[in-house]
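Enquirer: structure for this input, please:
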Amino acid sequence: MPLSEHEQRLLEQMERALYAEDPKFASSLRGRDPRSNFRRRVLLAGTAFIVGVVLLMLGLVTQLIVVSIGGFVLMLASAFFAVTSYRAVTAAAQLGVVDPSGVRRPAATSGGGRRQRGSAGGPGFMARMEERWNRRRDENGR
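Expert: So this is what the prediction gives:
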(Lines give C-alpha, C1' and ligand atoms only; values in the text may rest on other atoms or scores of the structure.)
Protein backbone atom coordinates (compact mmCIF):
# COMPACT_ATOMS: atom_id res chain seq x y z
CA MET A 1 0.00 0.00 0.00
CA PRO A 2 1.56 3.30 -1.08
CA LEU A 3 2.12 6.11 1.40
CA SER A 4 -0.11 9.17 1.31
CA GLU A 5 1.42 12.56 0.58
CA HIS A 6 1.19 13.51 4.24
CA GLU A 7 2.98 10.31 5.30
CA GLN A 8 5.67 10.87 2.67
CA ARG A 9 6.27 14.42 3.94
CA LEU A 10 6.50 13.16 7.53
CA LEU A 11 8.96 10.47 6.50
CA GLU A 12 11.11 12.99 4.63
CA GLN A 13 11.08 15.32 7.65
CA MET A 14 12.14 12.47 9.94
CA GLU A 15 14.97 11.56 7.53
CA ARG A 16 16.20 15.16 7.40
CA ALA A 17 16.03 15.43 11.20
CA LEU A 18 17.99 12.19 11.61
CA TYR A 19 20.62 13.35 9.14
CA ALA A 20 20.91 16.73 10.89
CA GLU A 21 21.16 15.12 14.33
CA ASP A 22 23.61 12.33 13.54
CA PRO A 23 24.98 12.43 9.96
CA LYS A 24 27.41 9.55 10.55
CA PHE A 25 24.64 7.21 11.70
CA ALA A 26 22.33 8.36 8.89
CA SER A 27 24.99 7.71 6.26
CA SER A 28 25.62 4.24 7.71
CA LEU A 29 21.91 3.46 7.35
CA ARG A 30 21.87 4.60 3.76
CA GLY A 31 22.49 1.59 1.55
CA ARG A 32 25.55 1.20 -0.57
CA ASP A 33 25.39 0.65 -4.26
CA PRO A 34 25.16 -3.14 -4.75
CA ARG A 35 27.32 -2.88 -7.87
CA SER A 36 30.34 -1.62 -5.94
CA ASN A 37 30.03 -4.52 -3.50
CA PHE A 38 29.67 -6.86 -6.48
CA ARG A 39 32.87 -5.59 -8.11
CA ARG A 40 34.82 -6.03 -4.88
CA ARG A 41 33.41 -9.52 -4.34
CA VAL A 42 34.15 -10.59 -7.92
CA LEU A 43 37.76 -9.43 -7.60
CA LEU A 44 38.07 -11.32 -4.34
CA ALA A 45 36.50 -14.45 -5.85
CA GLY A 46 38.72 -14.23 -8.94
CA THR A 47 41.84 -13.92 -6.83
CA ALA A 48 40.81 -16.85 -4.66
CA PHE A 49 40.06 -18.92 -7.78
CA ILE A 50 43.52 -18.24 -9.20
CA VAL A 51 45.12 -19.15 -5.86
CA GLY A 52 43.05 -22.35 -5.91
CA VAL A 53 44.32 -23.23 -9.39
CA VAL A 54 47.90 -22.60 -8.27
CA LEU A 55 47.40 -24.81 -5.21
CA LEU A 56 45.84 -27.53 -7.33
CA MET A 57 48.76 -27.52 -9.77
CA LEU A 58 51.31 -27.29 -6.95
CA GLY A 59 49.71 -30.29 -5.26
CA LEU A 60 49.80 -32.27 -8.50
CA VAL A 61 53.44 -31.42 -9.17
CA THR A 62 54.61 -32.17 -5.62
CA GLN A 63 52.25 -35.16 -5.39
CA LEU A 64 50.63 -33.84 -2.20
CA ILE A 65 46.98 -34.81 -2.54
CA VAL A 66 45.92 -32.66 0.44
CA VAL A 67 47.21 -29.49 -1.24
CA SER A 68 45.43 -30.39 -4.48
CA ILE A 69 42.17 -31.05 -2.65
CA GLY A 70 42.52 -27.77 -0.78
CA GLY A 71 43.05 -25.89 -4.04
CA PHE A 72 40.02 -27.55 -5.61
CA VAL A 73 37.85 -26.72 -2.60
CA LEU A 74 39.09 -23.12 -2.72
CA MET A 75 38.18 -22.95 -6.42
CA LEU A 76 34.66 -24.28 -5.72
CA ALA A 77 34.15 -21.90 -2.79
CA SER A 78 35.26 -18.88 -4.80
CA ALA A 79 32.99 -19.82 -7.72
CA PHE A 80 30.06 -20.21 -5.31
CA PHE A 81 30.89 -16.83 -3.75
CA ALA A 82 30.96 -15.15 -7.17
CA VAL A 83 27.65 -16.71 -8.23
CA THR A 84 25.86 -15.74 -5.01
CA SER A 85 27.21 -12.19 -5.37
CA TYR A 86 25.91 -12.04 -8.93
CA ARG A 87 22.49 -13.27 -7.82
CA ALA A 88 22.38 -10.65 -5.07
CA VAL A 89 23.17 -7.78 -7.43
CA THR A 90 20.64 -8.95 -10.05
CA ALA A 91 17.97 -9.34 -7.36
CA ALA A 92 18.68 -5.81 -6.16
CA ALA A 93 18.42 -4.50 -9.72
CA GLN A 94 15.07 -6.23 -10.25
CA LEU A 95 13.52 -4.76 -7.11
CA GLY A 96 13.03 -1.44 -8.82
CA VAL A 97 12.32 1.90 -7.25
CA VAL A 98 9.16 3.58 -5.98
CA ASP A 99 8.39 6.99 -7.38
CA PRO A 100 6.63 9.70 -5.32
CA SER A 101 3.15 8.58 -6.45
CA GLY A 102 3.83 5.13 -4.96
CA VAL A 103 3.77 3.29 -8.29
CA ARG A 104 6.40 0.60 -8.58
CA ARG A 105 8.56 0.77 -11.67
CA PRO A 106 11.65 -1.15 -12.79
CA ALA A 107 15.02 0.31 -11.83
CA ALA A 108 16.41 0.36 -15.36
CA THR A 109 14.88 -0.48 -18.70
CA SER A 110 17.09 -0.95 -21.70
CA GLY A 111 14.36 -0.98 -24.36
CA GLY A 112 13.58 2.73 -24.39
CA GLY A 113 10.88 2.42 -21.75
CA ARG A 114 9.44 -0.81 -23.10
CA ARG A 115 9.08 -3.79 -20.80
CA GLN A 116 9.13 -7.28 -22.12
CA ARG A 117 6.60 -9.62 -20.58
CA GLY A 118 7.74 -13.03 -19.56
CA SER A 119 11.42 -12.24 -19.93
CA ALA A 120 13.95 -12.65 -17.15
CA GLY A 121 14.49 -8.89 -16.94
CA GLY A 122 10.79 -7.97 -16.90
CA PRO A 123 8.51 -7.39 -13.93
CA GLY A 124 7.41 -10.31 -11.83
CA PHE A 125 3.99 -11.95 -11.87
CA MET A 126 2.75 -10.12 -8.78
CA ALA A 127 3.88 -6.75 -10.14
CA ARG A 128 1.93 -7.34 -13.35
CA MET A 129 -1.16 -8.41 -11.40
CA GLU A 130 -0.93 -5.31 -9.20
CA GLU A 131 -0.57 -3.13 -12.28
CA ARG A 132 -3.68 -4.70 -13.84
CA TRP A 133 -5.62 -4.25 -10.60
CA ASN A 134 -4.69 -0.58 -10.38
CA ARG A 135 -5.62 -0.02 -14.03
CA ARG A 136 -9.05 -1.64 -13.55
CA ARG A 137 -9.69 0.30 -10.34
CA ASP A 138 -8.78 3.59 -12.06
CA GLU A 139 -10.96 2.84 -15.11
CA ASN A 140 -14.01 1.86 -13.04
CA GLY A 141 -13.62 4.66 -10.51
CA ARG A 142 -13.43 7.51 -13.00
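
Enquirer: the longest helix in this protein is where?
Expert: What stands out as the longest helix in the chain, according to DSSP state H, is helix 65-95.

Enquirer: now do the buried residues in it.
Expert: Residues 67-68, 70-71, 74-75, 78, 81-82, 85, 89, 92, 94 are the ones in helix 65-95 that count as buried (16 or more other CB atoms under 10 Å). In this view, the C-beta of every residue, glycine as well, is placed from N, C-alpha and C.

Enquirer: next, format these as TSV and append pLDDT and distance to residue 7.
Expert: Below are these laid out as TSV (pLDDT from 0 to 100; distance: CB to CB, whole Å):
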residue	pLDDT	distance to residue 7
67	94	60
68	94	60
70	95	55
71	95	55
74	95	50
75	95	50
78	95	45
81	91	40
82	89	41
85	83	35
89	75	31
92	67	25
94	68	26
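
Enquirer: what is the nearest of those to residue 48?
Expert: Closest to residue 48 out of those is residue 78 (3.7 Å), distances taken as CB to CB.

Enquirer: which non-adjacent residue is nearest the closest one?
Expert: Distance criterion CB to CB, 6 or more residues apart in numbering; nearest residue to residue 78, sequence neighbours excluded, is residue 48 at 3.7 Å.

Enquirer: the helix or strand where that neighbour lies to helix 65-95, inter-axis angle?
Expert: Assigned by DSSP states H and E, residue 48 falls within helix 34-62. Between helix 34-62 and helix 65-95, the angle comes out at 160 degrees (axes from the mean of the first three to the mean of the last three CA atoms, to 10 degrees).

Enquirer: show me where pLDDT drops low in this structure?
Expert: 1, 28-35, 92-122, 141-142 (pLDDT under 70).

Enquirer: again, 50 this time
Expert: Applying pLDDT under 50 to the chain picks out residues 96-118.

Enquirer: distance-wise, check residue 44 relative to residue 85.
Expert: Residue 44 sits 9 Å away from residue 85, going by CB to CB, to the nearest Å.
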